[in-house]
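Peer 1: next one to model:
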Amino acid sequence: MMNRLGIFKKTLSSLSLFLLSTVFMSGCGTQGAQRPQTAGKKIVVWHWMTDREEAFQELAKRYEAKTGIKVVFELYAPSDAYSQKVRAAAQARALPDIFGLLGEKRDFAAFIKAGHVANLTGAMEEQGGAWKNLLYEKALAVNEFRTDNPYGVEAGIYGVPIDVMNIQMVYNKKLFQKAGLDPARPPKDWAEFVADCQKLKEAGTQGLVSGWGEIWMIDCLASNFAFNIMGPDKVFATIRGEVPYTDPDWVKVFSLFKEMADRGMLASGIVTMVNKTAEQNFANERSAFAFNGSWCVNVYHGMNPSLDYGVMLPPKVNLKNPMYIWGGAGSSLLVNDRSAVKEEAVTFLKWLTATEQQAYLSETTRNLPSNRKVSGSIPEILADFSKGMDNVTHPNIWPVNELPKVIERFDKGIQSIIIGEKTPEGLAEELAKLKAEEMAKQK
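Peer 2: Modelled structure (predicted):
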């Protein structure tokens, strides 16, 4: 399940951009390093975040007025175009002073080992860890390599989260009232969720919508249920090949999707629906529940500013275990280790993640701040999402990776269960067989 995190970048079509290759291992020197040092220094930042462009430009003006250093934010969108730009720049030895990286942990490691990314641990731990302690621990973990990491990267923190995200469920309070449900009491467990969906169905409202045409989102919810039903240790044991997918707990996970389909709890066409379409469906009040990330606050505001909705964790199946959700750093920025203004770049990122700037970014872009001190001054809906950070896990920090072919069969198999082409037991047997075959190839 590790590789499906194309997780977590914006819209999550975001998260399918893991195309960066080990050609980044080559390269020495950058365009930033060749700029002559002048009295008025300049920091160049590359990003792909269209929703933040205006806010970034305003912050750049404020920083120049404060320090005399000009910060130039250069936007390259969409995300796939940005990834291509970064890849080409790495090959041409022309990376900017600060940049974001869309890729898996192995791609991040390749950039570090090629000398493209500065180790920020020292700066983070100055003054008793003042900077580090401001930021959400689980957001920093996405940018951290521990001493026992499998990539051979020197232990340390190599990136700065400028916002955080998590993926939960949201529900429409107006549609709840219409169906006779209490809008202040969303379902907390599976039985309540099923009962509420039945009442909504009777009131003529669809239940759950999500962009399950993007299979990473199915994988996300399935892993949420798996962690809750059997606990993380058993999930990881399965990935290591110690527990088969035919185990009853895995069949139970798959059966939840069959139950949702059989009971008519899902929006029509959900298995072919991209997340943007699913967001429009929920924003237009056609479905009562949506499985989506915290970035949706900004998306829904743009689609329907008057939408009245709340946040909830996915419903628990096993009441004895917590409900884990995917989350961590939403967007992170890295410092080019060869930049001629590396020290100034680090200082700028400290300023950017300070409380005042984080509050401004959160207010203007409606994203969760990476600075923990800001959470008390953000809109209620964002504050509710921020509470979920206590339940966050992240595929990029799991101790093991599932094999790519198994991931694909797992996710597409659940799609097939939803449309009635497979049974939970049949998918479990397929996965167990494929897993054994793929593991045998690794020997």
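Peer 1: look up phi and psi at Ile157.
Peer 2: Listed backbone geometry of Ile157 is phi -100, psi 130, with angles given as degrees, to the nearest 10.
Peer 1: roughly how far does it sit from Ile112?
Peer 2: 11 Å (Cβ to Cβ, to the nearest Å). In short, each C-beta sits where N, CA and C put it, glycine included.
Peer 1: for the stretch 301-443 of the chain, which segments count as strands?
Peer 2: Listed in chain order, the strands found in the stretch 301-443 of the chain under DSSP state E, counting those that start in this stretch are 309-312, 325-335, 368-369, 392-393.
Peer 1: excluding chain neighbours, what is closest to Met439?
Peer 2: Gly241 (5.1 Å; Cβ to Cβ, 6 or more residues apart in numbering).
Peer 1: just Pro186 next, same as before
Peer 2: Residue nearest to Pro186 in three dimensions, not counting chain neighbours: Met312, with 4.1 Å by Cβ to Cβ, 6+ apart.
Peer 1: over to Leu352?
Peer 2: Once flanking residues are discounted, Leu352 sits nearest to Ile162: 6.4 Å by Cβ to Cβ, 6+ apart.
Peer 1: the one you found: neighbour count?
Peer 2: Burial of Ile162 is recorded as 28 neighbouring residues (other Cβ atoms under 10 Å).
Peer 1: so which elements touch the helix or strand containing it?
Peer 2: Taking DSSP states H and E as the criterion, Ile162 maps to strand 160-172. Helices and strands touching strand 160-172, as assessed by 3 or more Cβ pairs under 8 Å, 6 or more residues apart in numbering; DSSP states H and E, comprise helix 137-142, strand 287-293, strand 309-312, strand 325-335, helix 342-352, helix 355-365, strand 368-369, helix 380-387.
Peer 1: export it as CSV, just CAs?
Peer 2: Extracted in CSV, the C-alpha atoms of strand 160-172 (Å, rounded to 0.1, in the frame of the first residue of the first chain):
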residue,chain,number,x,y,z
VAL,A,160,9.7,22.1,5.5
PRO,A,161,5.9,21.5,5.5
ILE,A,162,4.0,24.7,4.7
ASP,A,163,0.6,23.1,5.3
VAL,A,164,-0.7,19.8,6.5
MET,A,165,-3.6,17.6,5.3
ASN,A,166,-5.6,14.6,6.3
ILE,A,167,-8.3,12.6,4.6
GLN,A,168,-11.6,12.1,6.5
MET,A,169,-15.3,12.1,5.7
VAL,A,170,-17.6,15.1,5.5
TYR,A,171,-21.4,15.2,5.8
ASN,A,172,-24.1,17.6,4.6
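Peer 1: right, and the helix or strand after that strand?
Peer 2: Next helix or strand after strand 160-172 toward the C-terminus (DSSP H and E): helix 173-178.
Peer 1: what's the first helix or strand after that next one?
Peer 2: With elements assigned by DSSP H and E, the helix or strand that comes after helix 173-178 is helix 190-202.
Peer 1: give me the angle between that following helix and strand 160-172.
Peer 2: 60 degrees (axes from the mean of the first three to the mean of the last three Cα atoms, to 10 degrees).
Peer 1: ok so, going back, how many residues are close by the residue nearest to Met439?
Peer 2: A count of neighbours around Gly241, defined by other Cβ under 10 Å, yields 15.
Peer 1: now swap in Thr67 and tell me
Peer 2: Residues near Thr67, counting by other Cβ under 10 Å: 15.
Peer 1: what residues are up against it?
Peer 2: Shown in contact with Thr67 (Cβ atoms under 8 Å, 6 or more residues apart in numbering): no residues.
Peer 1: Asp163 bridge partners, please.
Peer 2: As for beta bridges, Asp163 partners with Ser331, Pro369 under DSSP bridges.
Peer 1: help me confirm that the residue nearest to Met439 is found in a strand?
Peer 2: No. Under DSSP: H, G, I helix; E, B strand; the rest coil, Gly241 sits outside any strand and is assigned coil.
Peer 1: which residues touch it?
Peer 2: Listed by Cβ under 8 Å, 6+ apart, the contact partners of Gly241 are 435-436, 439.
Peer 1: do Val153 as well
Peer 2: Applying Cβ under 8 Å, 6+ apart, the residues near Val153 are 109, 112-113, 145.
Peer 1: how about it: what's its closest non-neighbour residue?
Peer 2: Nearest to Val153 is Phe145, by Cβ to Cβ, 6+ apart, at 4.3 Å.
Peer 1: can you check His47 too?
Peer 2: Using Cβ to Cβ, 6+ apart and skipping the chain neighbours, the partner closest in space to His47 is Gly100 (5.4 Å).
Peer 1: who's in contact with the one you found?
Peer 2: Gly100 is in contact with 46-49, 82, 86, 331-334, counting by Cβ under 8 Å, 6+ apart.
Peer 1: again, but for Leu333
Peer 2: With contact set as Cβ under 8 Å, 6+ apart, Leu333 has these partners: 45, 47, 98-100, 159-160, 162, 349, 352.
Peer 1: and it, how far is that from Lys42?
Peer 2: 16 Å.
Peer 1: out of the contacts of Leu333, which comes closest to Thr393?
Peer 2: Nearest to Thr393, judged by Cβ to Cβ, of the contacts of Leu333 is Gly159 at 18.6 Å.
Peer 1: thought that closest one was touching Ala329?
Peer 2: Yes. Counting by Cβ atoms under 8 Å, Ala329 is a contact partner of Gly159 at 7.4 Å.
Peer 1: between these two, which contacts overlap?
Peer 2: By Cβ under 8 Å, 6+ apart, Gly159 and Ala329 have these common neighbours: 142-143.
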